[in-house]
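Participant: Coordinates only, no sequence provided:
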């Protein structure tokens, strides 16, 4: 495949939500696990949803706080890399960071997998008070909710 779908369009050749989705970011600590939890709450129960990072990461406590605010949880999930994934077949890979997008394109070079890039800011660079930092995490959470609803739940 190797082609990037336009950022404002749903993945091509997807009728309704895909059956298996992988969300990818740098360390699977913030953006991709947040997207995984949100997608699990919005997509049909039978949809296989996973997340992974390009590099090793550690769980971020701010993610737990902002997900809990909307009734979601990561449970006991710990960050995992692509190499640690139990399954490697996906209909769609959604990348949330440039390094993840490059890794996904390389990974799917010989596979018929849609790869789309949703540029998503890294809230861990936020500074200031605890409330200001949480605000950056909430912005990312809300951004992901909108993207998932618009591009995966409501796709034609």
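Facilitator: Happy to help now that I have it. Since this is a predicted model, take the numbers as computed values, not measurements. Residues are numbered from 1 along each chain as shown.
Participant: Compute the distance between residue 122 and residue 47, please.
Facilitator: Residue 122 sits 26 Å away from residue 47, going by C-beta to C-beta, to the nearest Å. Using the backbone N, CA and C atoms, a C-beta is placed for each residue, glycine as well.
Participant: try residue 84
Facilitator: Distance of residue 84 to residue 47, given as C-beta to C-beta: 21 Å.
Participant: In terms of neighbours, single out the busier of these two.
Facilitator: residue 47 (17 against 12; other C-beta atoms under 10 Å).
Participant: so where's this protein shaky on pLDDT?
Facilitator: Within the chain, the segments meeting pLDDT under 70 span 1-17, 155-156.
Participant: At which residues are the helices of it located?
Facilitator: Assigned by DSSP state H, the helices in the chain fall at 31-42, 61-68, 98-107, 130-148.
Participant: how much space between residue 29 and residue 151?
Facilitator: Residue 29 sits 23 Å away from residue 151, going by C-beta to C-beta.
Participant: nearest spatial neighbour of residue 48, skipping sequence neighbours?
Facilitator: In this structure, residue 48 finds its nearest non-sequential neighbour in residue 20, 4.1 Å apart by C-beta to C-beta, 6 or more residues apart in numbering.
Participant: I'd guessed that neighbour sits against residue 39; true?
Facilitator: No - under the criterion of C-beta atoms under 8 Å, residue 20 lies out of contact with residue 39, with a separation of 11.4 Å.
Participant: what touches both of the two?
Facilitator: Common neighbours of residue 20 and residue 39, counting by C-beta atoms under 8 Å, 6 or more residues apart in numbering, are 47, 49.
Participant: Quick check: the residue of the chain most remote from its centre vs residue 140, distance?
Facilitator: Relative to the centre of the chain, the most outlying C-alpha is that of residue 129, 26.4 Å out, by C-alpha atoms, centre = their mean. Using C-beta to C-beta, residue 129 is found at 18 Å from residue 140.
Participant: hmm, back to that, can you convert the helices of the chain into CSV and add a column each for distance to residue 25 and mean neighbour count?
Facilitator: Converted to CSV, the helices of the chain look like this (distance: least, C-beta to C-beta, whole Å; neighbours: other C-beta atoms under 10 Å):
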stretch, distance to residue 25, mean neighbour count
helix 31-42, 4, 24
helix 61-68, 11, 17
helix 98-107, 5, 18
helix 130-148, 10, 17
